[in-house]
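K.L.:
compute the structure for the input listed below.
(4 chains)
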Number of protein chains: 2
Amino acid sequence: MRLIDGKWKGVILFHLLDGTARFNAIRRRIPGVTPRMLTNQLRELEQDGLILRQVYAEVPPRVEYSLTERGRSLAPVLEALRSWGDANLTLFGAAPPPAVAAA
Amino acid sequence: MRLIDGKWKGVILFHLLDGTARFNAIRRRIPGVTPRMLTNQLRELEQDGLILRQVYAEVPPRVEYSLTERGRSLAPVLEALRSWGDANLTLFGAAPPPAVAAA
DNA sequence: CGGTATCCAACAAGATACTG
DNA sequence: CAGTATCTTGTTGGATACCG
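P.N.:
Model (predicted):
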């Protein structure tokens, strides 16, 4: 529980299931996250061995985040969480998620 | 995530998968939890519709907690979490759990 | 037995501004 | 682009003692 705890780690990991993503790309995918929180959470996930941080010495800078093997092994957990959430979040006044991204 | 967040909710729910349990029974099953925290968490779980609290007007008092239908529907999530945890917690210096309760 | 009450420390998280 | 720095707040969780 500790590893995916907090307000953001779950969604960060979930988005990374789709593949590698850069800092601001993740940020855009997660409404409301501040750069400080995103940095914090990414660093903790990295320390826990769930994600990999690849820095490219370029201008402009490029930093890519991806799941490690261990991170990918969390997929069943993340999928179970999401499917439960999809099936249950109408109860909390939230709008259901798009089944597939709207065209 | 919000529903199973926090330090105790996960384990409380997990223990209730085994069936109905009384307050002090749960408390004994979860080392380190204070009565205040246990009450808090149980009340939140109840408000979120995941557990049922049954009070029997007896002396001495008896209060039984059990999962609601919705709470039971979390079983796949809890099982996924536990199996991931069992497979991975040696990395964090913790002792592996007993495969089956020791005789 | 199954809790409450009170107080307090620690941390998570947010707002805002700035930088190599 | 990918962060840092600083400050502030709200919430979580813990210690301890007591109650019907």
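K.L.:
phi, psi for the spatially most central residue of chain A please.
P.N.:
What sits nearest the mean C-alpha location of chain A, by Cα atoms, centre = their mean, is A:Ile12, with 1.3 Å. With angles defined as degrees, to the nearest 10, A:Ile12 sits at phi -60, psi -50.
K.L.:
residue contacts, it?
P.N.:
A:26, A:30, A:38, A:41-42, A:45, A:51 (Cβ atoms under 8 Å, 6 or more residues apart in numbering or on different chains). The C-beta positions use only the backbone N, C-alpha and C, and glycine is treated the same way.
K.L.:
so is the residue located most distally from the centre of chain A in a helix, a strand, or just coil?
P.N.:
The centre of chain A is farthest from one residue, A:Val59, which by Cα atoms, centre = their mean lies 25.6 Å away. What DSSP: H, G, I helix; E, B strand; the rest coil gives for A:Val59 is coil.
K.L.:
still on that earlier bit, going through the contacts of A:Ile12, which ones are buried?
P.N.:
Using 16 or more other Cβ atoms under 10 Å in any protein chain shown as the burial test, the contacts of A:Ile12 include A:26, A:30, A:38, A:41-42, A:45, A:51 as buried.
K.L.:
which pair in these has the greatest spatial separation?
P.N.:
A:Ile30 and A:Ile51 (14.4 Å; Cβ to Cβ).
K.L.:
how near is A:Thr34 to A:Asn40?
P.N.:
9 Å (Cβ to Cβ, to the nearest Å).
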